[in-house]
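Q: only the shape, not the letters, is given here:
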């Protein structure tokens, strides 16, 4: 029951598989970067080969409310979650259907172009660093580099409020930070700041970018986020069909 969700450690009726799974889910949602190897092993011990599907379900359960809260902050309250929960409940249709849906998000969202490539890449890097995803941090977008991004801008992401990034980039990063940290507390000023610099279509795309990029939480949680390169970064881009193209030359 919902009222017991935050007190699951004291909830009766949980078995030896439930508790490590819930501990993993909680840590993945609140601070995936701090998830320990012992928690990972406990999940695999409890769920076996279903562990990757469980991690994907945790991602969906975590990011759907964040995306809804972000869109509500931008455009007003949407329909109650209960009205549409049956259509998009995590795991609806089984593990294969869930994996296919997540793959679609990974492939389709990068094909959107209402948001400029520099902002898109800065927001991606913010999520990479907040979740400490090694593979994400080892990549840089060729489209962003062509559009004028540089290493100084990439380095400024971590300290964006105090940086000399453009006001539009600061607004985008501030909103993305709020969505990743505590979306239910997204201040109206963050939404106003985003609206001041971006079209409604670009605002929606930013929310989708944050949600899509956060699939890295699955890789980090399962320990599958080995970097593409050990030093520096690899240049990538997105093909017309949403496929990621690696090993490109910097412009």
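A: Structure received. The structure presented is a predicted model; accordingly, all values stated were derived computationally and were not measured.

Q: phi, psi for residue 235 please.
A: phi -90, psi 130 (degrees, to the nearest 10).

Q: got the end-to-end distance for stretch 29-49?
A: End-to-end distance of stretch 29-49 (Cα to Cα, to the nearest Å): 21 Å.

Q: where in the protein is pLDDT low?
A: By pLDDT under 70, the low-scoring segments of the chain are 1-6, 80-93, 183.

Q: can you rerun that using 80?
A: Along the chain, the model assigns pLDDT under 80 to residues 1-13, 78-93, 182-185.

Q: same question for stretch 115-130: list its buried residues.
A: For stretch 115-130, burial by neighbour count (16 or more other Cβ atoms under 10 Å) applies to 115-128, 130. Heads up, the C-betas are built off the backbone N, CA and C, glycines and all.

Q: how far does whatever helix or strand residue 73 lives in sit from the chain's center?
A: Using DSSP states H and E, residue 73 maps to helix 51-75. Its chain's C-alpha centre and that of helix 51-75 lie 8 Å apart, by Cα atoms, centre = their mean, to the nearest Å.

Q: what of stretch 69-79?
A: Mean C-alpha position of stretch 69-79 versus that of the full chain (Cα atoms, centre = their mean) differs by 18 Å.

Q: and what of stretch 238-249?
A: Put simply, stretch 238-249 sits 20 Å off its chain's centre (Cα atoms, centre = their mean).

Q: buried set for it?
A: Across stretch 238-249, burial judged by 16+ other Cβ under 10 Å covers 238, 242.

Q: show me the buried residues of stretch 115-130 that map onto strands.
A: Of these, none are assigned to strands by DSSP state E.

Q: for the nearest residue to residue 45 once chain neighbours are set aside, list the residues it contacts.
A: Leaving aside its sequence neighbours, residue 45 sits nearest to residue 20 (Cβ to Cβ, 6 or more residues apart in numbering; 6.9 Å). Residues near residue 20 by Cβ atoms under 8 Å, 6 or more residues apart in numbering: 39, 42-43, 45-46.
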